[in-house]
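Asks: Quick one: sequence plus predicted model below, questions after.
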Amino acid sequence: MRKFEYVWLDGYKPEQSLRSKVKVDDFVDIWSFDGSSTQQATGDHSDCILHPVAEYRTIDRVRADATRTSPGLEGTYIMCEVLNANHEPHESNTRTNCTNLVSDDWWFGFEQEYFMYKDGRPLGWPEGKGIKSKPRPQGDYYCGVGEGNVVGREIVDRHTEACMNAGIGITGTNAEVALGQWEFQVLGKGIGAGDDLWMARYILQRIAEKHGVSINFAPKPQKGDWNGSGMHTNFSNDQMRHQGSEVQLVEMCEKLSKTHRSAMRHYGAGNDKRLTGKHETQSIKKFSYGVSDRGASIRIPIVTVDNNWCGYLEDRRPAANADPYKVMRHIVGTLIE
């Protein structure tokens, strides 16, 4: 017998949350759950189906010691789609529509930013009101090291190792510009990139639980002169990587400009608070693109230009709470029309 942790997206709006439950069995199979408790069904027709689509096995290598009494994160995590009782895709199932459009020819690199929170405020921020509740201005914390510059590294390190062990395409982590703010990056092909990101988010929250810390994916959790949190999305297909040109990439940017308003409906709730034209963002009301421009909607990386315009583009608009399936579908759907 093995322990399987089934993970899925609920039906809450404007953005879905992750849910899970554990099954002890000899094998993975479809399973049902009470959709009336997750905004996915009514009480009189409450059964929804969990359809397994990806499996991740992880090992928590943190050794037991005198201070650690809780079990580790060893186990098998099952990413699932949600189906109706008739086995048709549920309306909250954004993965199905993405699968129908996004092939493995498309590669996606997600830069997932987030804040760690404890006791209702960012981890490491002082108690108090007004200026007394704020740490030093942002800047010292980016890729920082040392007491007072970085908090939460143990959680980050455990998360990185757990994702590596699970086969998730995690490619890096770094402390971000605000105290208690971090980023991890995930690279993958096709729909698998979205699966990996959702599972990486899930594992992060599970590890944070053990430390009494919550993970905040809000686009702008702190008002004032503090960066928000995004999910910058790097993307390419085979032609871009090997036969790219300035003309092609500019045409892609122009296509994305024409669907900017539509993108803002899919790129995360509350994104208007983050996309202000400040803190390395373009205004939500505008669209722009440029080489090495982190204040643009689309950044054309200098490494792409230096490689004879073969490489990738970065969509800097998605918020940290965006659904990667929706983002991938929007980008590919726009560019292949």
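Replies: Happy to help now that I have it. Residues are numbered from 1 along each chain as shown.
Asks: Just the helices from the stretch 1-150 of the chain, written as ranges.
Replies: For the stretch 1-150 of the chain, applying DSSP state H, counting those that start in this stretch gives helices covering 94-99.
Asks: any weak-confidence spans in it?
Replies: Applying pLDDT under 70 to the stretch 1-150 of the chain flags the ranges 60-72, 131-132.
Asks: go again using 50 as the cut-off
Replies: Where the stretch 1-150 of the chain drops to pLDDT under 50, the residues are 63-71.
Asks: ok, which stretches of it are strands?
Replies: 2-9, 18-25, 31-34, 47-58, 75-83, 107-118, 121-122 (DSSP state E, counting those that start in this stretch).
Asks: what does the stretch 201-337 of the chain give?
Replies: Under DSSP E, counting those that start in this stretch, the stretch 201-337 of the chain gives strands at 214-216, 231-236, 289-291, 298-300, 313-315.
Asks: Could you point out which of those sits nearest Gly128?
Replies: With C-beta to C-beta as the criterion, Gly128 lies closest to strand 214-216 of the strands of the stretch 201-337 of the chain, at 19.6 Å. (Each C-beta comes from the backbone N, C-alpha and C, glycine too.)
Asks: got the contact list for the closest one?
Replies: Tyr114, Phe115, Met116, Tyr117, Lys118, Pro122, Arg201, Leu204, Gln205, Ala208, Ser229 (C-beta atoms under 8 Å, 6 or more residues apart in numbering).
Asks: filter those residues to the buried ones?
Replies: Buried by 16 or more other C-beta atoms under 10 Å: Tyr114, Phe115, Met116, Tyr117, Lys118, Pro122, Arg201, Leu204, Gln205, Ala208, Ser229, out of the contacts of strand 214-216.
Asks: Turn the residues you listed into TSV, including distance to Lys286.
Replies: Listed next are those as TSV, based on distance: C-beta to C-beta, whole Å:
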residue	distance to Lys286
Tyr114	26
Phe115	26
Met116	32
Tyr117	31
Lys118	36
Pro122	29
Arg201	29
Leu204	32
Gln205	34
Ala208	35
Ser229	20
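Asks: Which of those residues sits closest to Gln181?
Replies: Nearest to Gln181, judged by C-beta to C-beta, of the buried ones among the contacts of strand 214-216 is Phe115 at 5.1 Å.
Asks: what is the mean pLDDT for the lengthiest helix in the chain?
Replies: Determined from DSSP state H, the single longest helix within the chain is helix 190-210. Helix 190-210 carries an average pLDDT of 97.
Asks: tell me, how many neighbours does His330 end up with?
Replies: Around His330 there are 24 other residues, counting by other C-beta atoms under 10 Å.
Asks: what does Val24 give?
Replies: Quick note: Val24 (other C-beta under 10 Å) scores 8 neighbours.
Asks: Is it correct that Asn237 is in contact with Asp104?
Replies: No - between Asn237 and Asp104 there is no contact under C-beta atoms under 8 Å: 9.9 Å.
Asks: out of the two, which sits in the busier spot?
Replies: Higher neighbour count among Asn237 and Asp104: Asn237, with 18 against 13, using other C-beta under 10 Å.
Asks: Phi first, then psi, for the more buried one.
Replies: Backbone dihedrals for Asn237, given as degrees, to the nearest 10, come out at phi -120, psi 180.
Asks: Kindly provide the distance from Phe108 to Met199.
Replies: 14 Å (C-beta to C-beta, to the nearest Å).
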